[in-house]
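> below is the sequence, then the predicted model.
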Amino acid sequence: MVTVYIDGKPYQVKAERNMLDVCLSLGMDLPYFCWHPAMHSVGACRQCAVKQFRDENDKKGKIVMACMTPAAEGTRISLKDPEAMEFRASVIEWLMLNHPHDCPVCDEGGECHLQDMTVMTGHAYRRTRFKKRTHKNQYLGPLVNHEMNRCIQCYRCVRFYNDYAGGRDLGVFGAHDNVYFGRHEDGVLESEFSGNLVEVCPTGVFTDRVLKKQYTRKWDLQTAPSICVHCSMGCNIIPGERYGTLRRIRNRYNGEVNGYFICDRGRYGFEFINSPERIGEPYLSSGDVPSGDILLLSGKEAGDAKILKGRKILKEGEVLPHLRAVIGGAKGIIGIGSPRASLEANYLLGRLVGPENFHPGFSAAESVLVRQMVSILSDGPVRTPSLKEMAHADAVLVLGEDIPNTAPILGLALRQAVRQKPMERVIREMKIPQWHDYAIRDAMQEERGPLFMATAAGGRLDGIAAGVFHAAPDDIARLGFRVARALSPNAPPIEGSFTEDALSFADRAAKALREAKRPLVVSGTGAGSLAVLQAAANVARALWEGNRNAALSLVAPECNSVGLALIGGPGINNMGIKDAVKAVAEGRADTVIILENDVFDRLDLPDVQALLRARQVVVLDHLPNHTISSLHAGCVVLPAAAFAQGSGTLVSSEGRAQRFYKVFNAPSGRTAESWRWLRDLLVDLGRPGSESLFSLDEVLSAMGREFPAVRGAVEAAPAADYRIEGMKVPRQPHRYSGRTAIRADIDVHEPKPHEDADTPLSFSMEGFEGQPPAPLTSRFWAPGWNSVQSVNKFQSEVGGPLRGVDPGRRLIEVTGMGRVSYFTDIPGPFTPRADEFLVVPLYHVFGSERLSAMSPGIGELVPPPHVVLNKTDAESIKALSDMKEARIDFGFASFRLQVRPDPLMPRGVAGLFPYGFPGLHGVVLPAWGKITAPENARREKEEK
Amino acid sequence: MDNRTEKKREQKPLTGSFRADGKPLDIFEYEQAGGYEALRKAVKSMTPRDVQEEVKSSNLRGRGGAGFPTGQKWSFVPTGEGAPIPRYIAANADEMEPGTFKDRILMENSPHMLIEGMALAAYATGAEHAYIFLRGEYVTAARALEGALAQAYEKNYLGKNVLGSGFSLEMHLHLSAGRYMCGEETGLLNSLEGKRAMPRAKPPYPQVSGFMGKPTVVNNVETLCNVPHIIRNGAAWFKSLSLGQDGGTKIYGASGRVKRPGAWELPMGTTIREILEVHAGGMRDGYKFRGLIPGGASTEFLIEEHLDLAMDFDSLQPAGSRMGTGTMIILDDRTCPVGMQISLQSFFARESCGWCTPCREGLPWIVHTLNSIEDGKGEMEDMDLLLDQARLLAPGHTFCALAPGAAEPLMSGVKYFREDFERHIREKRCPWPME
Amino acid sequence: MLSEKELAEVEKELAHYEKRKAGCIGALKAVQKHRGWISDECLKDIAQYLEMTPDELDNVATFYSSIYRRPVGRHVIFICDSVSCYTVGYRELLRHLSERLQIKPGQTTSDGRFTLLPAACLGVCEKAPALMIDEDVHGNLEPPEKVDEILERYK
Ligand SMILES: Cc1cc2nc3c(=O)[nH]c(=O)nc-3n(C[C@H](O)[C@H](O)[C@H](O)COP(=O)(O)O)c2cc1C
Ligand code: SF4
Ligand code: FES
């Protein structure tokens, strides 16, 4: 700590910070543009000017940029100095010379950092009489809009996109007063983080193109804290609603989790929620199943009216009696849970059907993997780090997981991790402070810290990795076991030979990890291999023997996979959902309740058919899917609220339980959160104890009593009766407009706001206007700070935790003690088969997650499906070399796909890309399949 | 002028050996004139520290404009066990400062002198790589340097194991693609790295983190050309050349409506009047002197009353100006001071790199305002605006020294020729219409 | 596609730098020597060769004033508009050139023979006013008619 003086007052502050950071952390208002809390200082905009004095006798002082001034002992600055104030106002005057005065029609209006800073400096009078410079705008794809005239040249966009997120297709062109930020030609931005430009840009150059279609000002959006459901990382988000539709998603800062950024899947994947195909009413299915052909339906076709034709809507008051009858008449009920549904919904389903009949809804393989994953994390002794900690790792080994596509935000963290080691060197050797961003980058040049990656195919992080290795899952696992053995003699020895590449990779990786201060091992369920998970655990444990800071992060498949595993009970077994199929097939059950799950993704086709042959199937979900369109006559479909229409708890890969809150009520009125349907049913059936399951809090505490592993979930956020000064926290901002006018054509009386008994949030503008505790923060706003930059005002120090503590409660915490045990089940080397390929999933950030892929914006970016084969393999398949299509046959199902030969793909392995594409249903990967040239194509060729 | 000054005036270490026909000295001619003796002496009998010390005590100050003591600059380079390698030397031969042409003359006539100076700088700082950063328009200089480099390699003044001393040096000529910013030493480094020539914030100084993040010394061509002479003849000799505190001779120049525009090597500290009246021959017939910018476009105007000041690093300070590059530009009575200001400011506005706000936005505003005055559309408030802008573009306010360099002639130009500006506004026309 | 000869010259430029990217300015200039200017296609080819993206290379290319991202005439005239030339007849020289060639700075003659570009100080202030055509400097162009005979040398 050092003492600095600001406008004459002494303050104790952290050294190694800069004075802008210090002033903001102290809650002062000092304007800035080019500085960003995650990207630090470059000193370009000159907006943060202050007067600096040598000592108490120096009365003259000189203008300096606060962001470039170290907080050294005795530093004296003044914010209020008239010269400094004049200069700051002049900077705005310069910027406004060319900035269009289009605030009324600008998408940024009302949450514009430039507006805020203009007001803050007091610049109000326009002196110039000359013309403004103008630029052309570009088409940058479906997600981000470009309006270059508004640019104030703060260089933040390129600093984020290129320097921070590793993009290479956005840049700055030209010089002097003609600098242009965009692409060298129109085209879709390639980075999966492009949407952050919308928040990084301090004005309206980059704006949200999806929002634009249904634009609403920030102050007219009803918002609530939420959690992204599109992968297992648990990024914190703020969805905003107006007129019954979800309009946009913004990042919600969480110092330990996503920090300032989220990926485009998370930002733009929400549109499915507004889909006209949403199931809006409970109904009985018509049974008009297109016989035998169900595999060919894409998600969209499945939603077609023709499939819903003839269904019978259950009227108000009919639903519960009907369900009562279904359950009453059942000869055994099976419940199938969901890794994308809340803990609460899964728990209540388990309660309804009884623990022995509850199946968590994982495929058999997934069930094994997730269970293994959770036990590795819980057994320890290696700790699971938060995303923030991972960004600070100084050596990383990735085993088997395609991070940028299965856990995008973790990819962004790894991009920061590779900077740590060289950055520490530069800071140490050259005494450059960490916040001096370009100086650090200039000194580091292209030096990167060690990142070693072993994955099935090439990926976007390969370019920054010190070593890459592409192999079949078993070989990746073997490589991991080898690294573990190199790190500790206690790890099991490994037999069999390795290629030279593998050996060198393993040696280099082991060395880098051993030398690191904060080594990190990353793996996950994505490769579909138990051995890979176990190998990763061994590496981490072997490391841990010598370094207690070693960390292990495992990526789960979905947003609540870990939570579900924690409450899965006996259903978490080697059979997964196949257990349910067996129960139906053997006649032990004739009724199945499926919670937010498309069983076609979890079972091979014959098993799906067996399951859906049950006498009665009840499905709760948001959108039509294959399961729903394959129901036979009389099955029940219940409209379930999607994430922003309900409240509940999810558990991320980190094991962090986080509460998401209902942002708005689903417009249909008959849509309800799954847990609420299930609760109503429990109450209706008069199940014991159900009378005390009324609110979300009651459900949570009942769950905690039954499953101690998730007891902490209760503490993830304040309870529903939490009040500040006797008030709830409003979901609507205090400037929310048109409240009485919105419905004036229907009724001039303002309706009573929706009650919300489940949370401390209200559906109105009324309530506590100050800063609520972090988990209840519905928006970032502070007086004078309307833009997202107001986050600074919510943190205990800039870039640090939110006031209080960052939201969420880690459920899995290891003691860091105890003996290290190793997995010893080492697979043999992968041997390609003569007539079959090991078909593995290859992921893509857009397309491999189904809900986001149903959103039009993201949907446009989903790459066309194809099968990836090693070049030699592709050529060896007769007639494939000159034919672009192949037939992949799993015995019970087959697909025709374009072929993409790839020299990086291991021999004998085929990748389906992007895994999850529409039409890929009824087969669980990895699986062995035959690949041939399609019959008719071959025949056609022969005919010629 | 006493005898001693007269004597001094005859000493022309930099230009004395030039050929009369303007062709570059080849390596034999250069050697004949004592060339490469200094390098031989240094690598054979001096330690790098000795070379640094000699340059330090010579009081050689940087000729690129800022006048930073050269020996001191070199001493910031970390050397010895564990110091970062490789290290670099870059000769700043970008010379784009309007009114400045002294480095060109040195390179065109005596390319080996620069090469030898760089080799000595490299030896003194333990650098193994050197780049000559030459502006692309200097085609003649480029040819001269290319030829000289080949000869120097051939004679092992460059390359591996120079003169059997164990010291090695690779030197490369880099031709710039045009931008004044490339002359700013950190912009130069970025450009050399194949990037936009944006300046870097200092600290860290290039001597610590420069080219490719490694220790680098950037020196002006004229600065480096002095080094062989210092090493050969000693620091005391070098100091004795000067009329004042700063050591050595200086290449002064004059352009504008003078009788003999050109450049001359004279003792450091020669007065403006002598340069203007004796060497440049005074004003051309029919033209009267009104003022001058003493050292390239980014220095403050001076007028009649300042003519007896000495041109060295410190003597112009009381008059509010700087010697800069030492090449003066003269304003005569038939040139419109507003027009001249437009030329100056347009240059700076166009050459702004676009990184920091005051320069990127302020300079074009100044140009618009000046143009408007020149076109007879000015308003009296414009005078305040110009002064405001000049004041706001002060050193430290902007990221690098480009914009403050523009503010210097603006502030002083308005000060000394305010009446001319106001006449434009009052008469709504330029009183110096084009002939 | 870059020609063999162009590639050889590019390689020569790159040889002096540890990182290929660092030689990109030299590479652009080398190719421009052959083609007169850098078209979008050409930019992409060079970028690919240097393992850069077109955006990365264009960021650099558009910064520098003597890399042309638009077509230029067979000969480029740089007229120095900086301060020394300004005081010694730049305006008259520009007026004369513009009238004679019927173009303004930044334009190319209709026959594609000359492009006229403003230039920062050419470093020949002792010979003001001056201009540069391709690689040749011409000074002392007062009166401006002196340029007429010079132009004749560039077909
Ligand atoms: C905008 C700008 C342009 C400059 N151009 C040149 C130049 O062309 N040549 C030069 O030697 N120094 C130039 N300088 C000064 C250099 O930054 C640096 O101070 C000089 O090269 C150091 O060399 P010296 O110590 O030998 O003088 C320029 C400075 C600025 C701010
Ligand atoms: S003052 Fe600013 S904009 Fe101007 S050249 Fe320097 S850094 Fe660039
Ligand atoms: S925020 Fe300090 S200069 Fe931009």
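Arrived safely, thanks for sending. Ligands and ions are numbered 1, 2, ... in the order given.
> check what pLDDT residue 373 gets.
I went with chain A, as the question did not name one. With respect to pLDDT, A:Met373 has a value of 97.
> other chain: chain B
So, for B:Ile373, pLDDT stands at 98.
> where's it, which helix or strand?
Per DSSP states H and E, B:Ile373 falls inside helix B:357-374.
> for that helix, which helices and strands make contact with it?
helix A:82-98, helix B:337-351, helix B:381-392, helix B:402-427 (3 or more CB pairs under 8 Å, 6 or more residues apart in numbering or on different chains; DSSP states H and E). C-beta: built from backbone N, CA, C; applies to glycine.
> just name the most buried of those helices.
Of all those, helix B:337-351 carries the top mean neighbour count, a mean of 24, counting by mean count of other CB atoms under 10 Å in any protein chain shown.
> mind checking which of the helices and strands packed on helix B:357-374 is nearest A:Ala325?
Evaluated over the helices and strands packed on helix B:357-374, closeness to A:Ala325 peaks at helix A:82-98, with 68.9 Å, by CB to CB.
> for that closest one, the distance to its chain's centre please.
Computed by CA atoms, centre = their mean, to the nearest Å, the chain-centroid distance of helix A:82-98 equals 39 Å.
> what angle separates the helix or strand following that helix from helix A:82-98?
For helix A:82-98, the succeeding helix or strand toward the C-terminus, using DSSP H and E, is helix A:113-121. Between helix A:113-121 and helix A:82-98, the angle comes out at 140 degrees (axes from the mean of the first three to the mean of the last three CA atoms, to 10 degrees).
> still on that earlier bit, of all the helices and strands packed on helix B:357-374, which lies closest to A:Pro827?
Closest to A:Pro827 of the helices and strands packed on helix B:357-374, according to CB to CB: helix A:82-98, at 61.1 Å.
> any part of that closest one near ligand 3?
No. Using CB under 6 Å from any ligand atom, helix A:82-98 stays clear of ligand 3, coming no nearer than 8.7 Å.
> any low-confidence regions in chain A?
Chain A contains residues with pLDDT under 70 at A:287-310, A:878-883, A:935-944.
> domain-wise, how is it divided?
As given by automatic domain parsing, the domain ranges for chain A are A:2-95, A:283-291+A:299-309+A:318-367+A:562-769, A:383-549, A:837-943.
> quick one, helices of the stretch 151-300 of chain A?
A:156-158, A:197-200, A:209-212, A:264-268, A:299-302 (DSSP state H, counting those that start in this stretch).
> hang on, the earlier thing: deepest-packed of the domains of chain A, please.
Comparing those by mean count of other CB under 10 Å gives domain A:383-549 as most buried, with a mean of 22.
> doesn't A:Leu413 belong to a helix?
Actually, residue A:413 is Ala. It isn't Leu. Yes. Checked against DSSP: H, G, I helix; E, B strand; the rest coil, A:Ala413 lies within a helix.
> in which helix or strand does A:Leu638 reside?
Element membership for A:Leu638, per DSSP H and E: strand A:636-639.
> mind listing residues that contact that strand?
Identification of contacts with strand A:636-639 by CB atoms under 8 Å, 6 or more residues apart in numbering or on different chains yields A:278-285, A:311, A:314, A:319, A:322-323, A:326, A:616-622, A:628, A:631, A:666, A:668, A:670-672, A:674, A:677.
> what lines up beside the helix or strand that it is followed by in the sheet?
Downstream of strand A:636-639, the first helix or strand assigned by DSSP H and E is strand A:648-651. Strand A:648-651 pairs in its sheet with strand A:656-660 (antiparallel), by DSSP bridges.
> could you export the partner strand as CSV, CA atoms only?
These are the backbone C-alpha positions of strand A:656-660, laid out as CSV (Å, rounded to 0.1, in the frame of the first residue of the first chain):
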residue,chain,number,x,y,z
ARG,A,656,-20.7,-23.1,-8.7
ALA,A,657,-24.4,-22.9,-7.9
GLN,A,658,-25.9,-19.8,-9.4
ARG,A,659,-29.4,-18.5,-9.3
PHE,A,660,-31.2,-17.2,-12.4
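> check which element follows that strand along the chain.
Counting by DSSP H and E, the next helix or strand C-terminal to strand A:656-660 is helix A:674-684.
> now for the helix or strand just after that next one, which elements pack on it?
Moving toward the C-terminus from helix A:674-684, the next helix or strand (DSSP H and E) is helix A:696-706. For helix A:696-706, the elements it packs on are helix A:343-353, helix A:674-684, judged by 3+ CB pairs under 8 Å, 6+ apart.
> residues contacting stretch B:370-388, please?
Counting by CB under 8 Å, 6+ apart, A:90, A:127, A:129-130, B:336, B:338-339, B:341-342, B:345, B:365-366, B:369, B:410-411, B:414, B:418, B:421-422, B:424-425, B:427-430 sit against stretch B:370-388.
> circling back: relative orientation of the helix holding B:Ile373 and helix B:402-427 in degrees?
Angle of helix B:357-374 versus helix B:402-427, following the same axes, to 10 degrees, is 20 degrees.
> next, see if helix B:357-374 gets close to ligand 2.
Yes. Using CB under 6 Å from any ligand atom, we find that helix B:357-374 touches ligand 2 at B:359-360.
> also stretch A:175-193?
No. Judged by CB under 6 Å from any ligand atom, stretch A:175-193 stays clear of ligand 2, getting no closer than 7.8 Å.
> likewise for stretch B:407-425?
No. Against ligand 2, stretch B:407-425 shows no contacts by CB under 6 Å from any ligand atom, the least distance being 10.2 Å.
> residues contacting that stretch, please?
B:290-291, B:293, B:297-303, B:320-322, B:336-338, B:340-341, B:344-345, B:366, B:373-374, B:376, B:378-380, B:382-383, B:386-387, B:389-391, B:393-394, B:430-431.
> mind doing that once more with 7 Å?
By CB atoms under 7 Å, 6 or more residues apart in numbering or on different chains, the residues outside stretch B:407-425 that reach it are B:291, B:293, B:297-301, B:303, B:320, B:337-338, B:341, B:344-345, B:366, B:373-374, B:376, B:378-380, B:383, B:386-387, B:390, B:393-394, B:430-431.
> swap in stretch A:725-742?
A:219-220, A:222-224, A:750, A:760-769, A:772, A:776, A:778-779, A:781.
> turn the helices and strands packed on helix B:357-374 into a markdown table, including distance to ligand 1.
Shown next, in a markdown table, are those (distance: least, CB to the nearest ligand atom, whole Å):
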| stretch | distance to ligand 1 |
| --- | --- |
| helix A:82-98 | 19 |
| helix B:337-351 | 7 |
| helix B:381-392 | 17 |
| helix B:402-427 | 4 |
